[in-house]
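> pasting a predicted model and its sequence here:
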Amino acid sequence: MKGSSLIKERAVLKDARRVVVKVGTHSIAKKSGRPDYGALRRVVNGVCELRALGMEVLFVSSGAVAAGVEALGLKARPADVADVQMCAAVGQARFISEYEKLFAARGVQVGQVLLTHSDFADRRRVANLRRSLDHLVRAGIVPVINENDIVADEEVKDLTFGDNDWLSSLIVKLVHADALVLLTTVDGLLDAEGRRVPAIGKVRDALKLVKADEKGSLSRGGMDSKLKAVANAAKGGANVVIANASRPHVLTAIFSGRDVGTFVPGSAL
């Protein structure tokens with residue numbers, strides 16, 4: 001399918017009813033790790049705007065470790081696993097407290113959900129997680145989902161979610177979401193000249209445009225990580241958009257079918 005046809009396919013996003021919105025660490029935290037309250041408010045307002053349109057939203061947010069780095073006066077994300085877990089314990093309390101206040105100001109309740117790979121490894125736990133998330137969204141509560149970094153084993157890289165990119169794709173498939181939005185610090189997937197790619201038909205081709213394991217100092221993610229998550233979500237039939245979290249009203253623009261970010265239709269493998 002050619003690019004122009006893919007752009008027209010965005011219209012399907014107007015019909016989305018259950019969506020997963022994921023925001024990365026660098027989109028909501030300053031370089032010091034301190035929460036960027038303006039960015040947090042913008043993302044929260046966007047989620048609330050989608051709910052006002054009648055959509056069910058599950059919100060996946062990174063940033064706990066980064067907030068802990070700043071709170072503990074560290075200069076960078078530590079290398080020692082125990083220190084990372086300590087940062088997570090301190091930082092998660094900061095982030096969920098701020099989210100609770102921001103959503104409450106819009107009349108929305110939130111529920112914290114912390115997960116690890118183990119929660120997806122057992123059939124009964126998966127079924128219980130699905131029921132719990134379904135019950136939250138149907139009750140009008142926004143789940144604020146994050147990896148449980150306090151117990152996640154960073155020494156075994158296959159047991160972490162990569163700044164929650166992979167986790168968000170697992171949630172999409174778990175709850176049968178119609179769409180996934182990955183909010184980041186750029187306007188979408190960029191080509192070699194730094195221009196935004198409006199849409200991609202094959203994720204495996206897009207992977208050639210990014211550097212493997214490229215990431216920031218405060219996070220474990222990167223565009224490589226995002227595209228792998230995109231492939232997983234698209235395989236489950238969900239439409240995906242990678243977009244810039246700093247753009248005003250970016251979520252409503254996406255679900256109005258506008259040419260924002262990089263669009264990936266379901267099953268674009």
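Structure's in. What do you need? Every value quoted in this text rests on a predicted model; they were computed, and no experiment measured them.

> how about the closest residue to residue 176 other than its chain neighbours, what does it touch?
Excluding the flanking residues, the one nearest residue 176 by CB to CB, 6 or more residues apart in numbering is residue 18, at 7.1 Å. All C-beta atoms are positioned from the backbone trio N, CA, C, and that covers glycine. With contact set as CB atoms under 8 Å, 6 or more residues apart in numbering, residue 18 has these partners: 55-58, 137, 175-178.

> how close does residue 18 sit to residue 190?
Distance of residue 18 to residue 190, given as CB to CB, to the nearest Å: 29 Å.

> show me where the stretch 101-250 of the chain has its helices.
With helices called from DSSP state H, counting those that start in this stretch, the stretch 101-250 of the chain shows them at 123-138, 165-175, 203-206, 223-235, 250-254.

> how about those helices in JSON lines, adding mean neighbour count and distance to residue 34?
Formatted as JSON lines, those follow (neighbours: other CB atoms under 10 Å; distance: least, CB to CB, whole Å):
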{"stretch": "helix 123-138", "mean neighbour count": "13", "distance to residue 34": "29"}
{"stretch": "helix 165-175", "mean neighbour count": "24", "distance to residue 34": "23"}
{"stretch": "helix 203-206", "mean neighbour count": "16", "distance to residue 34": "33"}
{"stretch": "helix 223-235", "mean neighbour count": "23", "distance to residue 34": "24"}
{"stretch": "helix 250-254", "mean neighbour count": "22", "distance to residue 34": "23"}
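
> give me the contacts around stretch 42-57.
Contact partners of stretch 42-57, identified using CB under 8 Å, 6+ apart, comprise 16-21, 23, 27-28, 59, 99, 102-103, 106, 108, 137-138, 140, 142, 183, 245-246, 248-252, 255.

> try 6 Å
17-19, 21, 23, 59, 102-103, 106, 108, 137, 142, 245, 251-252 (CB atoms under 6 Å, 6 or more residues apart in numbering).

> and for stretch 245-264?
By CB under 6 Å, 6+ apart, stretch 245-264 touches 7, 10-11, 13-14, 23, 27, 43, 46, 49-50, 183, 188-189, 197-200, 230, 234, 240-243.

> now that stretch: buried residues?
Of all the residues in stretch 245-264, those buried under the rule 16 or more other CB atoms under 10 Å are 245-247, 250-255, 257, 260-264.

> quick one: which of those residues is nearest to residue 72?
Of all the buried residues of stretch 245-264, residue 245 has the smallest distance to residue 72: 25.1 Å, by CB to CB.

> returning to that earlier point: just the pLDDT for the residue nearest to residue 176.
Looking at residue 18, its pLDDT reads 98.

> partner residues bridging it?
Counting by DSSP bridges, residue 18 forms beta bridges with residue 56.

> contacts only, for the residue nearest to the spatial centre of the chain.
The chain has residue 22 as the residue nearest its centroid, 1.7 Å off, counting by CA atoms, centre = their mean. Residue 22 makes contacts with 60, 164, 168, 182, as judged by CB under 6 Å, 6+ apart.

> in those residues, which has the lowest confidence score?
residue 164 (89).

> please verify my assumption that that residue contacts residue 58.
No - checked against CB atoms under 6 Å, the pair residue 164 and residue 58 is beyond contact range at 12.0 Å.

> between these two, point out the one with more neighbours.
residue 164 (31 against 25; other CB atoms under 10 Å).

> nearest spatial neighbour of that one, skipping sequence neighbours?
With CB to CB, 6+ apart as the criterion, residue 164 has its nearest non-adjacent residue at 4.7 Å, and that residue is residue 62.

> what does residue 230 give?
Closest residue in space to residue 230, ignoring its immediate chain neighbours: residue 240 at 4.8 Å, by CB to CB, 6+ apart.
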